[in-house]
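Participant: this is the structure alone, sequence omitted:
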């Protein structure tokens, strides 16, 4: 489905495109999405057939040329969050970290505290 077709269906809603390489990111940006997802940054088992990890170096490159927000996604946990933040990323998905807990609120508070402190 094209981005224009999706816009016709959902109307005035933000629409993003998933990308897994520099080439895909560049091509996605030509379509003028509201944002792009880029990843997986790290290995992930969230999908049956995950794409290969892109790493933080490629994430950093995408952040340099993207003219819309870039959502870093895939295998991001508190243990590697600083590496992701050091790329300049400010939009981060941490799906498994939040979904695999009974203490969701506690994890939110810990992450908020971490994000309010400088990158170490």
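Facilitator: Yep, that arrived. Fair warning: this is a prediction, and the values are worked out from it, not measured in the lab.
Participant: so residue 106 sits in a strand?
Facilitator: No: Residue 106 is assigned helix when assessed by DSSP: H, G, I helix; E, B strand; the rest coil, not a strand.
Participant: name the SS class of residue 18, please.
Facilitator: Quick answer, by three-state DSSP: residue 18 is strand.
Participant: contacting residues around it?
Facilitator: Residues counted as contacts of residue 18 (C-beta atoms under 8 Å, 6 or more residues apart in numbering) are 36, 37. C-beta here means a position set from N, CA and C on the backbone, and glycine is covered the same way.
Participant: which strand residues bridge it?
Facilitator: Applying DSSP bridges to residue 18 gives these bridge partners: residue 37.
Participant: how close does it get to residue 37?
Facilitator: As judged by C-beta to C-beta, to the nearest Å, residue 18 and residue 37 stand 5 Å apart.
Participant: who touches both of the two?
Facilitator: With C-beta under 8 Å, 6+ apart, residue 18 and residue 37 have no common neighbours.
Participant: leaving out chain neighbours, which residue sits closest to the residue nearest the centre of the chain?
Facilitator: Compute the mean C-alpha point of the chain, and by C-alpha atoms, centre = their mean the closest residue is residue 72, 2.3 Å away. Computed as C-beta to C-beta, 6 or more residues apart in numbering, the closest residue to residue 72 that is not its neighbour in sequence is residue 89, at 4.4 Å.
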